[in-house]
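Participant: sequence unknown, structure follows:
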């Protein structure tokens, strides 16, 4: 009985696969042994005496299951960690993400006219200086600043109104006093005239 080594090699070449993937029918060894050319091998492939074995299953089911578990935080304890905390999740990346979030928010607020360019610049520099830990804190700060601004504006308006009111009152009083003075002078001059007459 021949080893069919040649046939296996030729079949692998014809089928465009490795020698391990070639199946030679064990019941038809004599017929296969007679095939000594690629043409003969092609004929045997057509007849089904030589077959290319299917690709072996390489399942990822267990891997997917493990990934789902890790997403929940399983198998992620101290014993499973190799790198430092900074190697696993770099501080720089966390910083970049935070800056991008805060700066995007600032741009949006400036475009929608919620903040003016001066406040935008102040907040930009504060964000760069690590003042705000997240978006919520920055929002709160913005609301606080806007409330303060509104309050100071209201107080300034009230003070202005008070000033103008006092001014008017003063001018009216001065007018009254001037009229009174004029009246007294008139009366006095009238008396003088009667005395002379």
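Facilitator: That came through fine. The structure displayed is predicted, hence computed values, not measured ones.
Participant: So which other helices or strands are in contact with the helix ranked longest in the chain?
Facilitator: Using DSSP state H to define each element, the chain has its longest helix at helix 135-196. Under the contact definition 3 or more C-beta pairs under 8 Å, 6 or more residues apart in numbering; DSSP states H and E, helix 135-196 sits against helix 91-111, helix 117-128. For the C-beta atoms, the positions are set from N, CA and C on the backbone; glycine is no exception.
Participant: What's the mean pLDDT across it?
Facilitator: The average pLDDT within helix 135-196 is 89.
Participant: Give the burial count for residue 52, as a bare number.
Facilitator: 16 (other C-beta atoms under 10 Å).
Participant: Over to residue 149?
Facilitator: Using other C-beta under 10 Å: residue 149 sits among 12 other residues.
Participant: and the gap between it and residue 188?
Facilitator: According to C-beta to C-beta, to the nearest Å, residue 149 and residue 188 sit 57 Å apart.
Participant: just residue 34 next, same as before
Facilitator: With distances taken as C-beta to C-beta, residue 34 is found 155 Å from residue 188.
Participant: Same question for residue 107.
Facilitator: 76 Å.
Participant: before we move on, back to that, of all the helices and strands packed on helix 135-196, which lies closest to residue 2?
Facilitator: Across these, residue 2 has its closest neighbour in helix 91-111 (63.8 Å, C-beta to C-beta).
Participant: how distant is the closest one from the center of its chain?
Facilitator: Taking C-alpha atoms, centre = their mean, to the nearest Å, the mean C-alpha location of helix 91-111 is offset from the chain mean by 7 Å.
Participant: Name the residues that touch that helix?
Facilitator: Contacts with helix 91-111, where a contact means C-beta atoms under 8 Å, 6 or more residues apart in numbering, come from 115-117, 120, 123-124, 127-128, 132-135, 138-139, 142.
Participant: and it, average pLDDT?
Facilitator: In this model, helix 91-111 has an average pLDDT of 97.
Participant: thinking again about what came up before, save the helices and strands packed on helix 135-196 as a markdown table, and put in mean neighbour count and distance to residue 19 too.
Facilitator: Listed next are the helices and strands packed on helix 135-196 as a markdown table, based on neighbours: other C-beta atoms under 10 Å; distance: least, C-beta to C-beta, whole Å:
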| stretch | mean neighbour count | distance to residue 19 |
| --- | --- | --- |
| helix 91-111 | 13 | 48 |
| helix 117-128 | 14 | 64 |
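Participant: I'd like the ones you listed as TSV, with distance to residue 59 appended.
Facilitator: As requested, the helices and strands packed on helix 135-196 are exported to TSV (distance: least, C-beta to C-beta, whole Å):
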stretch	distance to residue 59
helix 91-111	33
helix 117-128	48
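Participant: now for those, which one comes closest to residue 192?
Facilitator: Per C-beta to C-beta, nearest to residue 192 of the helices and strands packed on helix 135-196: helix 117-128, 67.9 Å.
Participant: What distance do you get for the spatially most central residue of the chain to residue 146?
Facilitator: Centroid-nearest residue in the chain: residue 101, 5.0 Å away (criterion: C-alpha atoms, centre = their mean). Distance from residue 101 to residue 146, counting by C-beta to C-beta: 20 Å.
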